[in-house]
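Enquirer: For reference, the sequence and a predicted model appear below.
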Amino acid sequence: MSPEGSTVTFRRTPPDFHRRTVERFARRLQKEVAKGRPFHCLITGDADLRRLNLQFRGLDYPTDVLSFPPAPPATHLGDLAISLARARAQARDFGHGLEHEIQILMLHGLLHLMGMDHETDSGGMARAEKRWRTRLGLATGLIERARS
C-alpha cells in the first residue's frame, strides 16, 4: 500500500495511457465508495486474468475484472485484477477511452470487494453501481451491458 492508500500496479503501461488519471480515480474510489478503506488494483494482460480465473474460479478463460477479498483480519478491502486487453476492446466497443473503461471495471470490482454480488443480490449491486457511475460520471456499467 502506498502512503496515499489505494494503489494501481501496471504490468506494462501503454505509451498513450494516462496512468495518473487511473491512480487518482482509485484514491477517489477509496475515499468516496470504500469509506476510506484502501485496495490494490493490478492492470495486466489476458494471460494473467485467465490463469487467475482458472485458479480461483475454475473457469478457463480470461475475463475483464476479478476481485479478491483479503483473508481476515485485514485493513484493506482486497485486490482487483483488470485485463488491459479486455479493457481496450470494451472501450473501443462502447466508444470511450481506455482510462474510462478501466475506471468502470475498477468500480465494478470494488463493489464486489465490498461484498456485493450481482448474481445473487436481486439487483442491489446493479442499483449501487448505477448510482456510483452517475455520481462519478462514468458510462454504462458491466451489469447494464450484460442485461442489454
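Expert: That came through, no problem.

Enquirer: tell me which residues in the helix or strand that contains residue 133 are buried?
Expert: Assigned by DSSP states H and E, residue 133 falls within helix 124-136. Buried residues in helix 124-136, counted by 16 or more other Cβ atoms under 10 Å: 125-126, 128-130, 132-133. Any C-beta I mention is one placed from the backbone N, CA and C, and that applies to glycine too.

Enquirer: just checking, what packs against that helix?
Expert: helix 19-32, helix 98-113, helix 142-147 (3 or more Cβ pairs under 8 Å, 6 or more residues apart in numbering; DSSP states H and E).

Enquirer: would you turn these into CSV with mean pLDDT and mean neighbour count?
Expert: Shown next, in CSV, are those (pLDDT from 0 to 100; neighbours: other Cβ atoms under 10 Å):
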stretch, mean pLDDT, mean neighbour count
helix 19-32, 95, 17
helix 98-113, 96, 23
helix 142-147, 70, 14
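
Enquirer: any chance of these in CSV, plus distance to residue 64?
Expert: What follows is the helices and strands packed on helix 124-136, written out as CSV (distance: least, Cβ to Cβ, whole Å):
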stretch, distance to residue 64
helix 19-32, 15
helix 98-113, 6
helix 142-147, 7
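
Enquirer: Show me what residue 8 is bridged to.
Expert: Note on residue 8: beta-bridge partners by DSSP bridges are residue 41.

Enquirer: My understanding was that it contacts residue 19; is that so?
Expert: Yes: counting by Cβ atoms under 8 Å, residue 8 touches residue 19, with 7.2 Å between them.

Enquirer: Return the residues in contact with residue 25.
Expert: Counting by Cβ atoms under 8 Å, 6 or more residues apart in numbering, residue 25 touches 99, 103, 106.

Enquirer: where's the closest residue to the last one other than its chain neighbours relative to residue 90, distance?
Expert: This means residue 106. Closest residue to residue 106 apart from its sequence neighbours, by Cβ to Cβ, 6 or more residues apart in numbering: residue 41 at 5.9 Å. Counting by Cβ to Cβ, to the nearest Å, the gap from residue 41 to residue 90 is 16 Å.
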